[in-house]
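>>> Okay, sequence plus prediction incoming.
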Amino acid sequence: MAPIFTASHRGGSGEPLVCLHGFTDTWRTWELVLPALERHHDVLAPTLAGHAGGPPIDGQITDAVLADAVERAMDAAGFETAHLAGNSLGGYVALQLAARGRARTVVALAPAGGWAPGDDSCEDTLAVQAALVEAAKTSAPHAEAILATPQGRRRATLHIATNFEHIPAELLAHQLLGTASCRAAVPLIEHALREGWSLDAERITSTCPVRIVWGTADRLLPWPSAAARYRDDWLPDADWIELDGVGHCPQLDIPLETAQLILGFTAR
């Protein structure tokens, strides 16, 4: 059966909360934390532009293209501002939106773009991402068989989570197929290599509180080197939390704890 990719999920009640997934993911990366979040918030989880189920990207890739699409989704939902939670690329986009005045609070889980200027490991990470996209395309026809065994599920989650046994195989298959179907993967990588990462951090610190959460076992954006610019330059005064032994996607790795880290901050 062909996978079904949708543009967004919305559920719950309370103050608005927007959850933004990472590079090549879909909104379903938040599935394990949604029940807890929706008990306290009206949650909108959109799929980013150019990703499987998300709106198309018309024209060239720019620094603003993903944030622009999320703003349109927020406007359509009636959210002038919202609490924002984002993982990886979604964490970076959440911080971009905070600089635009759209955030009440931000919880960023291993946000992308934090390499120190001149750190060549950024290029290495983007090369790994490109290889993972190609591997997903190769594996996609065999996703069900690969994920039917614990060994296959371990291989599929190696770069995103330390704890994987509780993640449903169906969800992992959806995410694998979503990566294989991400239309904007190559253009986004090429843009990052060409233009790098920028952030108007002064506007963020003057508009909303920020919590940054990072797993010490993150294989994609290793702690602390991939956080250097956030720690030393952009957001040194943010509320910083290290998660010992946790991987790149805490919302999948330790969903109960991650939900509480988000809710504890939005309740301030």
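Yep, it's here.

>>> quick one: the strands in the stretch 101-250 of the chain?
103-109, 210-215, 239-243 (DSSP state E, counting those that start in this stretch).

>>> ok, how many other residues are close to residue 219?
Using other CB atoms under 10 Å, residue 219 has 15 neighbouring residues. The way it works is simple: take the backbone N, C-alpha and C, and place the C-beta from them, glycine included.

>>> Quick check, pLDDT for the closest residue to it other than its chain neighbours.
Excluding the flanking residues, the one nearest residue 219 by CB to CB, 6 or more residues apart in numbering is residue 159, at 4.9 Å. pLDDT recorded at residue 159 is 97.

>>> One more: residue 229?
98.

>>> How about the contacts made by it?
By CB atoms under 8 Å, 6 or more residues apart in numbering, residue 229 lies in contact with 113, 114, 115, 116, 117, 197.

>>> ok, and the most crowded of the residues you listed?
In the contacts of residue 229, the most neighbours by other CB under 10 Å go to residue 114, 29 neighbours.

>>> ok, now how distant is it from residue 98?
15 Å (CB to CB, to the nearest Å).

>>> same thing with residue 183?
For residue 183, the distance to residue 98 - CB to CB - is 27 Å.

>>> Wasn't residue 91 part of a helix?
Yes - applying DSSP: H, G, I helix; E, B strand; the rest coil, one finds residue 91 inside a helix.

>>> what's the burial count for the closest residue to it other than its chain neighbours?
Excluding the flanking residues, the one nearest residue 91 by CB to CB, 6+ apart is residue 111, at 3.0 Å. Neighbour count of residue 111, defined by other CB under 10 Å: 33.

>>> tell me the contacts of residue 111?
By CB under 8 Å, 6+ apart, the neighbours of residue 111 are 86, 88, 91, 92, 94, 95, 212, 230.

>>> Would you mind checking which of the residues you listed is nearest to residue 134?
residue 88 (18.8 Å; CB to CB).

>>> I figured that closest one was touching residue 20, is that so?
No - with contact defined as CB atoms under 8 Å, residue 88 and residue 20 do not form a contacting pair (9.2 Å).

>>> Between the two, tell me which one has more neighbours.
residue 20 (33 against 27).

>>> quick one: contacts for that one?
45-46, 48, 70, 84-87, 89-91, 93-94.

>>> now stretch 50-61: mean pLDDT?
For stretch 50-61, the per-residue pLDDT averages 96.

>>> Which member of the contacts of residue 20 is positioned nearest residue 251?
residue 87 (6.1 Å).

>>> Quick check, pLDDT for the closest one.
As predicted, residue 87 sits at a pLDDT of 99.

>>> what residues are up against it?
The neighbours of residue 87, taking CB under 8 Å, 6+ apart as the test, are 20, 21, 22, 25, 29, 108, 109, 110, 248, 249, 250, 251.

>>> Determine the three-state secondary structure at residue 96.
helix.
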